[in-house]
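Visitor: I'd like to go over a predicted model; first the sequence, then the structure.
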Amino acid sequence: MSMSDEIEKLHRLHGQGALTDEEFTLAKKRLIDSLTPDAQRAQPQPAKRENPMNEFKLSNTDRWIGGVAGGLADLTQIPAWSWRVLFVLLALIQGVGIVIYLLLWIFVPRRERAVAAPAASSSASGVEPPRQ
């Protein structure tokens, strides 16, 4: 169906009262937008939001055993000690807390450590400075 046929169909529906003025305007705009080239329609796309679970990493700094409680604290803003208490309480219930902790420790990646830039040292490069 051509664009003129589509617009004529929209006019008929609007004339019969099947479409309100707002619906007619929106439908016509969508029809025109769907037939224009992408370069002319360049509309900014909304930014994709990261899944918060992708940010869950084991902590390198706040850890007693594996860093699970520290990582959960970073993700949820709940103190790490409360996560540790929860795991201990769950451990008392037939070892459920231990199983959950171990699974998180195994499958959750560790947060990458910040790598310091190596100091520019002449002895590290194996070249001695010229003697005077």
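Guide: Here it is on my side, so go on.

Visitor: Pull the number of nearby residues for residue 110.
Guide: By other C-beta atoms under 10 Å, 14 other residues sit near residue 110. Any C-beta I mention is one placed from the backbone N, CA and C, and that applies to glycine too.

Visitor: Please confirm that residue 94 is located within a helix.
Guide: No - if the criterion is DSSP: H, G, I helix; E, B strand; the rest coil, then residue 94 is coil and not within a helix.

Visitor: Now it, what are its backbone angles?
Guide: phi 50, psi 30 (degrees, to the nearest 10).

Visitor: What is the neighbour count of it?
Guide: Residue neighbour count, defined by other C-beta under 10 Å, stands at 9 for residue 94.

Visitor: And the residue nearest the centre of the chain, what's its pLDDT?
Guide: Closest to where the C-alpha atoms of the chain average out (C-alpha atoms, centre = their mean) is residue 50, at 1.2 Å. pLDDT recorded at residue 50 is 70.
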